[in-house]
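Engineer: Provided below are the primary sequence and the corresponding predicted coordinates.
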Amino acid sequence: MCGIVGYIGPKACVPVIMEGLARLEYRGYDSAGIAVAGGGHPLQLRRAPGKLRNLAEILAKDPVQGTYGIGHTRWATHGRPTEENAHPHRDGTGTLVVVHNGIVENYLQLKSALIAKGHKFTSETDTEIIAHVIQDELELAASQSPAPGTRTVEANESQAVVTAPASLPLEEAVRRAVARLTGAFAIGVLSAAEPDKLVAARMGPPAVLGIGEGEYFLASDVPGILHHTRLIHFLQDGEVATLTTSGIKLTDFQANVLQLNPQRITWDPIQAEKAGYKHFMLKEINEQPRAVRDTTLGRVSLDTGKVFLPDMQITPEEFKKTTGITIAACGTSWHAGLAGKFMIERLARLPVDVDYASEYRYRDPIPNPSELGLLITQSGETADTIAAQHELIAKGSKTLAICNVVGSAVTRLAAGTITTNAGPEIGVASTKAFTAQLTALFTLALYLAQVRGTVTFEHSLYLVGELSKIPAKLEEVLRTVDDQCHELAKSFSTCSDFLFLGRGIHYPIALEGALKLKEISYIHAEGYPAGEMKHGPNALIDETLPVVCIATQDPNDPSSVLKYEKTLSNIQEVTARSGRVIAIAIEGDTHISQLVEHVIHIPQTHELLLPILEVVPLQLLAYHIAVRRGCDVDQPRNLAKSVTVE
């Protein structure tokens, strides 16, 4: 969610931190700040509400210098996006600062206890409490073993109760402090009293450590430091890292020494740049052919039709005995899961339930150890998805993950992962991660079908062949429909409502199309099963309501043709009431052009693969409408890329 970048090393730290925060802007934020010290300079703090450029303007007018520091972009959870609520937050002495991603659930109780001790707070945030709890631990230690030179501050002074040389190391104070916190947190801490030291701790939201040549980094996500080092340690829950000029020391919350486990990241940093596109979202829409191709690479054989899923801790025999699958996901990933249900049930003949991850653990699910859990997530750090995974495991189910980030929390808990290989996705509204997830789900469905013997060799060979053609067909869609979507945006960008319709596996794509539009253009949009129109939504239709209908078909599939014919009936219901229809149809379908005002054609493919092609025009339509409305496409208001709090 929020962005963190910390640095310690020989370089001037401000440019390193500001550059890193800029590379994390995609996560979504509403204020920013930086704290630096060292090199003969005192602890200095600068903060600003709004975009990072506001902080840059402040730094240009009132620069700061130092050899170590930490920066933060905040997405508000407690308190408005103001300068006072922006991170970093000071303790009462003004010599210690904290940045924090997550939520401290017991912050009100902690705040009350600290106020009773004389602490004074200047913000509405839960993060400021963490700084004061660390201060409290330092003061408790100092009072038990007074250090020479301790000075007591009078009660009428504006700063802290006690200012004293630390009687225990900062990292130990952090360990003691986090033991008092409940909730989710990834924190970075620095103190002017202990120069050239950064301390980080994690319980929930992601944090990574970067190991460079004589320099060390802390970040909330890999792109923030990838331009400086590819050697990354993913901080685990319950770990505390101490970064100094001589290296990184890792312990658990009980001070037991742990080994660093650095991984070499293979992403090309240029993948996180716009590469000439106006927005990251447009770049990522155009990267979908590569993302789909890379997700299938090495997993399917065009010669035999066989699917390979390496690194699975679940055996083929266990897959064969599985009685069902529960999919848990959020947002766009939940839509992918809905489409995956159709794929798995049709190919593998295995029942699938799809749950909102945010709801799963609160409905007291019935345990069934013979079922598998499947978590779908772009970041692998979504708090709701992790909570659902813990619940599934607690109920006795093994879990699989479909994820874009190797080493993330969900993948570490899973008994097997299908990585989507989409590369870093910067735009908040997910595009290439979604089509890569659909590809991974189709691959999993075909694998399960082969293991369970529900698909023939000939049909496997055909399906793998159709899958291999999808990247080229995506390229054709991108080449042929972008201009059309740009023109449609001119007619529909002033509308206040949209309706998206689909049947069967195309209904989740209608939901996804509606979500994309509302996320980035702020137009109210709703996805609906086409067959449900007569049960209420028909009342909404008039000449002002655009209705996007997914009216595709696989002519080789009788059930697909039947759904198409039923959808044409729904379209006629809309046009009879003066509704304005935009239809997504298969190339060569001339019949539908006689019924509707606008048709966007896509190539023909297998019914279960059509969603990968269908969603692209919907993404482009949403994009062009949002641009025409002057919206912030890459960073929509009130949204964050990785939702690491519930």
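Structural biologist: Looks like it arrived, so ask away. A quick note: this is a predicted structure, and the numbers were derived from the prediction, not measured. Numbers count the residues shown, from 1 in each chain.
Engineer: does Glu318 sit in a helix, a strand or a coil?
Structural biologist: Here Glu318 is recorded as helix under DSSP: H, G, I helix; E, B strand; the rest coil.
Engineer: burial count for the residue nearest to Ile584 when sequence neighbours are not counted?
Structural biologist: Of all residues beyond its chain neighbours, the one nearest Ile584 is Ile550 (4.9 Å), with distances taken as C-beta to C-beta, 6 or more residues apart in numbering. Yep, even glycine has a C-beta here, placed from its N, CA and C like the rest. Burial measure for Ile550: 31 neighbouring residues, criterion other C-beta atoms under 10 Å.
Engineer: swap in Ile426?
Structural biologist: By the other C-beta under 10 Å criterion, the neighbourhood of Ile426 contains 23 residues.
Engineer: shouldn't it be in contact with His279?
Structural biologist: No: because the distance of 9.3 Å does not satisfy C-beta atoms under 8 Å, Ile426 is recorded as not touching His279.
Engineer: residues contacting Ala489?
Structural biologist: Ala489 makes contact with Leu621, His624, Ile625, Val627, Arg628 under the criterion C-beta atoms under 8 Å, 6 or more residues apart in numbering.
Engineer: Now, of these, which are buried?
Structural biologist: Among the contacts of Ala489, those scoring as buried are Leu621, His624, Ile625, Val627 (criterion: 16 or more other C-beta atoms under 10 Å).
Engineer: out of those, who's nearest Pro369?
Structural biologist: Within the buried ones among the contacts of Ala489, distances to Pro369 taken as C-beta to C-beta reach their minimum at Leu621, with 44.2 Å.
Engineer: didn't that closest one look like it was pressed against Cys485?
Structural biologist: Yes: judged on C-beta under 8 Å, Leu621 makes contact with Cys485 at a distance of 4.6 Å.
Engineer: that older thread, and for Ile426 and His279, which residues touch both?
Structural biologist: A shared contact of Ile426 and His279, defined by C-beta under 8 Å, 6+ apart, is any residue touching both; here these are Asp634.
Engineer: Which parts of the stretch 201-350 of the chain are strands?
Structural biologist: If you assign secondary structure with DSSP state E, counting those that start in this stretch, the strands in the stretch 201-350 of the chain sit at 208-211, 216-219, 231-234, 239-244, 247-252, 257-258, 263-264, 324-329.
Engineer: I'd like those as CSV, with mean neighbour count, mean pLDDT and distance to Ala348 appended.
Structural biologist: As requested, the strands of the stretch 201-350 of the chain are arranged in CSV below (neighbours: other C-beta atoms under 10 Å; pLDDT from 0 to 100; distance: least, C-beta to C-beta, whole Å):
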stretch, mean neighbour count, mean pLDDT, distance to Ala348
strand 208-211, 24, 95, 36
strand 216-219, 28, 96, 40
strand 231-234, 20, 92, 32
strand 239-244, 23, 96, 38
strand 247-252, 16, 96, 41
strand 257-258, 11, 96, 40
strand 263-264, 11, 87, 33
strand 324-329, 25, 96, 9
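Engineer: Format these as JSON lines; extra columns: distance to Arg47.
Structural biologist: As requested, the strands of the stretch 201-350 of the chain are arranged in JSON lines below (distance: least, C-beta to C-beta, whole Å):
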{"stretch": "strand 208-211", "distance to Arg47": "24"}
{"stretch": "strand 216-219", "distance to Arg47": "19"}
{"stretch": "strand 231-234", "distance to Arg47": "28"}
{"stretch": "strand 239-244", "distance to Arg47": "22"}
{"stretch": "strand 247-252", "distance to Arg47": "27"}
{"stretch": "strand 257-258", "distance to Arg47": "33"}
{"stretch": "strand 263-264", "distance to Arg47": "33"}
{"stretch": "strand 324-329", "distance to Arg47": "35"}
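Engineer: hang on, the earlier thing: mind listing which of the buried ones among the contacts of Ala489 are in helices?
Structural biologist: Leu621, His624, Ile625, Val627 (DSSP state H).
Engineer: Can you list the low-confidence ranges for the stretch 201-350 of the chain?
Structural biologist: Across the stretch 201-350 of the chain, residues meeting the criterion (pLDDT under 70) sit at 267-275.
Engineer: Can you list the residue ranges for helices in it?
Structural biologist: Secondary structure of the stretch 201-350 of the chain, counting by DSSP state H, counting those that start in this stretch: helices at 280-286, 288-296, 316-321, 331-348.
Engineer: Of all those helices, which one is nearest Gln604?
Structural biologist: For Gln604, the closest of the helices of the stretch 201-350 of the chain is helix 288-296, at 16.9 Å, according to C-beta to C-beta.
Engineer: residue ranges of the strands in the stretch 1-150 of the chain, please?
Structural biologist: Under the criterion DSSP E, counting those that start in this stretch, the stretch 1-150 of the chain carries strands at the ranges 3-8, 31-38, 41-49, 68-74, 89-90, 96-104.
Engineer: and the last one, what other elements does it pack with?
Structural biologist: Identification of packing neighbours for strand 96-104 by 3 or more C-beta pairs under 8 Å, 6 or more residues apart in numbering; DSSP states H and E yields strand 3-8, strand 68-74, strand 89-90, helix 127-144, strand 183-191.
Engineer: thought Thr95 was touching Leu190?
Structural biologist: No: proximity of Thr95 to Leu190 does not meet the contact threshold set by C-beta under 8 Å, at 9.6 Å.
Engineer: Past whichever strand or helix holds Gln437, which element shows up next along the chain?
Structural biologist: Secondary-structure element containing Gln437, defined by DSSP states H and E: helix 432-452. With elements assigned by DSSP H and E, the helix or strand that comes after helix 432-452 is helix 457-492.
Engineer: How far off centre is that next one?
Structural biologist: The gap between the average C-alpha position of helix 457-492 and the chain average comes to 25 Å, counting by C-alpha atoms, centre = their mean, to the nearest Å.
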